[in-house]
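**Student:** Next come a sequence and a model predicted from it.
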Amino acid sequence: MTDQQNTGGTGPDQEPQQDPGQQDDDAQQDPGTDAQDQTGDKPPDDVKELRAALASMRKERVALQRQLDDLQRQSMSDAEKAIAEAREQGRTEAATEAGKRIAAAEFRTAAAGKLSDPDAALEMLDLSRFIGDDGEPDRDAIKQAVERLTPAAAPASPKVPAGPRDTQPETDFIRSRLAGRRG
């Protein structure tokens, strides 16, 4: 086996290959976490245990991937390290920009019907506050911001009754004169 094959096909000009299921695991949330919401029943305890085990395995895999990346960086030359660092910065910036767009869309959705002009409110907000370390928007923080921006409901003004709606009495002077001319 060559050195490239041992490192998973990484060389100075290649990015580390990801596990085929790695991107899917990271992009998707834990499937079935809202099983209680969909069926109304609580999932059995063994399902909860399996979900917990899956979550811990994912964390362990991420930690091992970081260790592997660190070891690969140690064996790189200065130029390779600079290239890898530039790539990482590019990925981070791209994820941040994409996260801002998603956060803006989430804000518009949360503000629909609550704010008269969500786009004007977006201009005043720093959307990077609503983006987590993973590049995903924090929906709870967005909802809280919309709630803070939503004006408090004004107390209802007392309603004055419109008054009687029946016809005017025949003793009205103008109506009686008009009726007298017709007849």
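**Tutor:** Nice, I can see it.
**Student:** Could you list the buried residues of the longest helix along the chain?
**Tutor:** Once the chain is assigned using DSSP state H, the helix that runs over the most residues is helix 78-111. Using 16 or more other Cβ atoms under 10 Å as the test for burial, helix 78-111 gives 84, 99, 100, 102, 103, 104, 106, 107, 108, 110, 111. Every C-beta, even on glycine, is put in place using the N, C-alpha and C of the backbone.
**Student:** What is the nearest of these to residue 44?
**Tutor:** Closest approach between the buried residues of helix 78-111 and residue 44, by Cβ to Cβ: residue 106, at 32.9 Å.
**Student:** how about the nearest residue to residue 103, chain neighbours excluded?
**Tutor:** Leaving out its chain neighbours, the residue that sits closest to residue 103 by Cβ to Cβ, 6 or more residues apart in numbering is residue 137, at 3.9 Å.
**Student:** so what's that neighbour up against?
**Tutor:** 99, 102, 103, 106, 130, 131 (Cβ atoms under 8 Å, 6 or more residues apart in numbering).
**Student:** OK, contacts around the third one?
**Tutor:** By that I understand residue 103. For residue 103, the contact set (Cβ under 8 Å, 6+ apart) comprises 127, 130, 131, 137, 142.
**Student:** So for the residue nearest to residue 103, what's the pLDDT?
**Tutor:** Predicted confidence (pLDDT) at residue 137: the value is 87.
**Student:** what do you get for residue 133?
**Tutor:** With respect to pLDDT, residue 133 scores 76.
**Student:** so it, which of the three states?
**Tutor:** Using DSSP: H, G, I helix; E, B strand; the rest coil, the structure places residue 133 in coil.
**Student:** outside of the strand or helix carrying residue 123, which residues touch it?
**Tutor:** Here residue 123, judged by DSSP states H and E, is contained in helix 118-124. Outside helix 118-124, the residues within contact range by Cβ under 8 Å, 6+ apart are 104, 107, 108, 111, 112, 115, 149.
**Student:** change it to 6 Å
**Tutor:** By Cβ atoms under 6 Å, 6 or more residues apart in numbering, the residues outside helix 118-124 that reach it are 104, 108, 111, 115, 149.
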